[in-house]
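1. sequence first, predicted model second:
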Amino acid sequence: MPEIADNGRTWLLTGPTSSYALHLTEADELVHLHWGPGIALADAEALAALPASERGASFESPLDGREEYPVEGGPRFVRPALSVRTDERRGTEWSYEDFEADGDELRLRFRDAGLSVTLHYRMRGDVVERWTTLRNDGERPLELLRADSATWTLPERDDWRLSQLHGRWAAESRLTRSPLTYGEQVIGSRRGHTGHQHLPWVALDTDATEERGEVYGCALGWSGSWRIAVAQLPDARVQITGGAGYDDSGLLRLAAGESFTTPVFAGLWSDAGFGGASRTWHAYQRAYVVPDAEQDRPVLFNSWEATYFDISEEQQGALARRAAAMGVELFVVDDGWFGARTGDHAGLGDWRPNPDRFPGGLKPLADYVHGLGMQFGIWVEPEMVNPDSELYRAHPDWVQFQSGRKRTEFRNQLVLNLAREDVQEYLWEQLHGLLSSAPVDYVKWDFNRCFTDAGWPDDPYPQRLWVDHVQALYALLDRLRAAHPGVAFESCSGGGGRIDLGIMSRTDQVWTSDNTDPLDRLDIQHGFSQIHPARVMAAWVTDSPNTQLNGRVSSLRFRFVSAMAGVLGVGGDLSEWSEEELAEARRWVDLYKEIRPLVQQGDLYRLRPPAGGLSAVQYVRGDESVVLAWLQAQRFGEPVPALRLRGLDPTGTYECRESGEVHRGAVLLHHGLRTGLRGDLDATVIRLRRI
């Protein structure tokens, strides 16, 4: 519940370890007071009473670097979070109306002529959620050129350092840290989806380590184009502004009575280093974002790399038998089961089982898979269409396109204009009918190309499709989940191209990357874990050598331990695995099921990053802990270093199941590591239990 000063002009939100405070001045300017260690309301009022620092005459703004939500217009020079245009004018000159505290949510209302602006705040744990609602209460339309979710103001510090996750296809979530310099650092996506190039997350610190020091982090919950700008202002203050859309050319047009609610831009402060910040993010997502997060995700098998497009009911059944014998709990038929889908050139949009491959539809195979004791899943890519499809031949105007221009194809496909209501209804009918026709338990929802010709020739404001596409996607997923509550969904976009808090609130897990090489995955998973929990991080064991990317040879042991750091899956061609490999795989699957509650629900400690030698992660839950360790390379005569574990009771006694060692207090692993790791690309699992 937000705390409110007696004068109703100072507000304080407090979590377990942190507080966030803001204040409305006598001039009705909304300014930021505090974000950091927990304080009392009296402390916030004392901060509000301090005089504002003097600025440099007319060349500086008294508001820049202090405002909670800078708008365009007036005495401001910083990047505006809100830019509005009408037929008469551009900019905002707003006035305060009132506030409302409803449960754990604080709402502050402002008005500018016919525009109503509501700023929303909510504290969940130590994560502050912020978003904005804009409503046109006037009689004429207005245009939102820019409508960011929030602006975050950091305390004055020297030598800020910026962390971000960058990458590309098959090399997502690469962590980089660099000094923050004067000016702006802008990351985002112009591609219509979250993108492989950046995750919508930043973190700032001055001297933090993995387990010590202050860290500020922000993450945006939006699955379309987006932008986050980190600015060090001329007086060294730092502000972070972010929201939907990349540029300021036009977001939406609001007719009289229409409103737009921005996505959530969440932020946290931690004094427990990058690891503490990560654990706070993970706990927040498991508690408030991910559906049914308390339920562990099953071990799956996906048929893609075993069969590609050459599939049949009989062949899938044979793979299912091998997967079931391995202990797999979810069998997934990937691309190629529908329409004329014998390659990537045709069939997208025609979501009916191919009658030659599945004469009785999907139900016979689903029933067979269920009879083997597994759940049944399928792959779909609903937002796309092949020009060679029944759908496109019937409705060529249903795609995004620019009039008089060539329709750009990637992977022989175009993007459906999901902003159209007829497209939305078609997809609902197709997918609802599909999920009603067979006992499907899981849907892998893919998105394999970016927006290019994002046009809508018949619409008076075609650029709205950038926002409306995402909102329609959310609505379709929400509708399907409500109609089929037993079906789990995975978000995929050519791997990690659509991973954010928005899509995670509607899906049960995400496909982290198309790169399944176990060594490459260590870096990808290390970056992913900075913000997202292992509970949603799908990871597969595939064949060796890795013919998809680099030809690297790795042991089944190394591949399994790498994938066991998240939601374990298997994607190799089981028909080619030997009996010895299948038996070893069964042992790894059995072990994963033992440690799964710790991995998917426990607290993560990154013990050593994947930097070329030994790397390791630790999960702690209650009186149990498990360590996954990987040795990338070992030089002759160089011993495997010991690991000091974290998150355990320093007064407790712990037994290592692998080595039989008994430890008291701080646990230093050495014997178990040195006997379990014997050479290049080796890996081990070490379990500890309090006794």
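-> Alright, I've got the coordinates.
2. can you show me the strands along the stretch 501-650 of the chain?
-> Remark: strands assigned in the stretch 501-650 of the chain by DSSP state E, counting those that start in this stretch are 509-511, 537-541, 567-570, 603-608, 614-621, 624-631, 643-644.
3. any chance of the ones you listed in a markdown table, plus mean neighbour count and distance to residue 71?
-> Using the backbone N, CA and C atoms, a C-beta is placed for each residue, glycine as well. What follows is the strands of the stretch 501-650 of the chain, written out as a markdown table (neighbours: other Cβ atoms under 10 Å; distance: least, Cβ to Cβ, whole Å):
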| stretch | mean neighbour count | distance to residue 71 |
| --- | --- | --- |
| strand 509-511 | 25 | 35 |
| strand 537-541 | 25 | 38 |
| strand 567-570 | 26 | 43 |
| strand 603-608 | 19 | 39 |
| strand 614-621 | 22 | 44 |
| strand 624-631 | 23 | 48 |
| strand 643-644 | 16 | 50 |
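4. chain center to the longest helix seen in the chain: distance?
-> Ranked by residue count under DSSP state H, the longest helix found in the chain is helix 579-601. Taking Cα atoms, centre = their mean, to the nearest Å, one finds helix 579-601 lying 26 Å from the centre of the chain it belongs to.
5. what's that helix in contact with?
-> With contacts defined as Cβ atoms under 8 Å, 6 or more residues apart in numbering, helix 579-601 is touched by 286, 294, 296-297, 299, 322, 325-328, 533-535, 541, 556-557, 560-561, 564-568, 570, 574, 577, 619-621, 624-626, 685, 687.
6. can you flag the buried ones in the residues you listed?
-> Those of the contacts of helix 579-601 that meet the buried threshold are 286, 296-297, 299, 322, 326-328, 533-535, 541, 556-557, 560-561, 564-568, 570, 574, 577, 619-621, 624-626, 685, 687, by 16 or more other Cβ atoms under 10 Å.
7. center of this protein - which residue?
-> To find the centre residue of the chain, average its C-alpha atoms and take the closest one (Cα atoms, centre = their mean): that gives residue 500, at 2.8 Å.
8. circling back to that earlier point, inside helices: which ones of the contacts of helix 579-601?
-> Of the contacts of helix 579-601, the ones assigned to helices by DSSP H are 322, 325-326, 556-557, 560-561.
9. below-threshold pLDDT in the chain: ranges please.
-> Using pLDDT under 70 as the threshold, the predicted model of the chain has low-confidence ranges 53-58, 636-637.
10. now the helices for it?
-> Counting by DSSP H, the chain forms helices over residues 41-49, 273-284, 304-307, 313-326, 363-371, 390-394, 421-437, 465-483, 501-504, 518-528, 556-563, 579-601, 671-676, given from the N-terminal end onward.
11. about what we covered before: in the longest helix of the chain, what counts as buried?
-> Of all the residues in helix 579-601, those buried under the rule 16+ other Cβ under 10 Å are 581, 584-585, 588-589, 591-592, 595-596, 598-601.
12. kindly report the same for stretch 289-309.
-> Across stretch 289-309, burial judged by 16+ other Cβ under 10 Å covers 289-290, 293, 296-307.
13. same check, this time on stretch 674-687
-> 676-677, 681-687.
14. kindly reformat those as CSV containing distance to residue 393.
-> Formatted as CSV, those follow (distance: Cβ to Cβ, whole Å):
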residue, distance to residue 393
676, 59
677, 58
681, 50
682, 54
683, 51
684, 56
685, 53
686, 58
687, 57
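15. just the closest of these to residue 251, please.
-> Out of those, the one with the shortest distance to residue 251 is residue 683. That distance is 47.2 Å, counting by Cβ to Cβ.
16. contacts only, for the closest one.
-> Contacts of residue 683 were listed using Cβ under 8 Å, 6+ apart, and they are 557-558, 560-562, 628-631, 677.
17. quick check: closest non-adjacent residue to it.
-> Nearest-residue entry for residue 683: residue 561, 3.6 Å, with adjacent residues in sequence omitted and distances by Cβ to Cβ, 6 or more residues apart in numbering.
18. any idea how far residue 466 is from the one you found?
-> Separation of residue 561 from residue 466 (Cβ to Cβ, to the nearest Å) stands at 41 Å.
19. residue 109 too?
-> Residue 109 sits at a distance of 27 Å from residue 466 (criterion: Cβ to Cβ).
20. between those two, who's got more neighbours?
-> In this comparison of residue 109 against residue 466, neighbours counted by other Cβ atoms under 10 Å, the higher total goes to residue 466 at 22 against 15.
21. was I right about that one contacting residue 451?
-> Yes. Shown here, residue 466 and residue 451 form a contact pair, counting by Cβ atoms under 8 Å, at 7.5 Å.
22. how many neighbours does residue 137 have?
-> 14.
23. is it true that it touches residue 114?
-> Yes. Using Cβ under 8 Å as the test, residue 137 is close enough to residue 114 to be in contact (5.1 Å).
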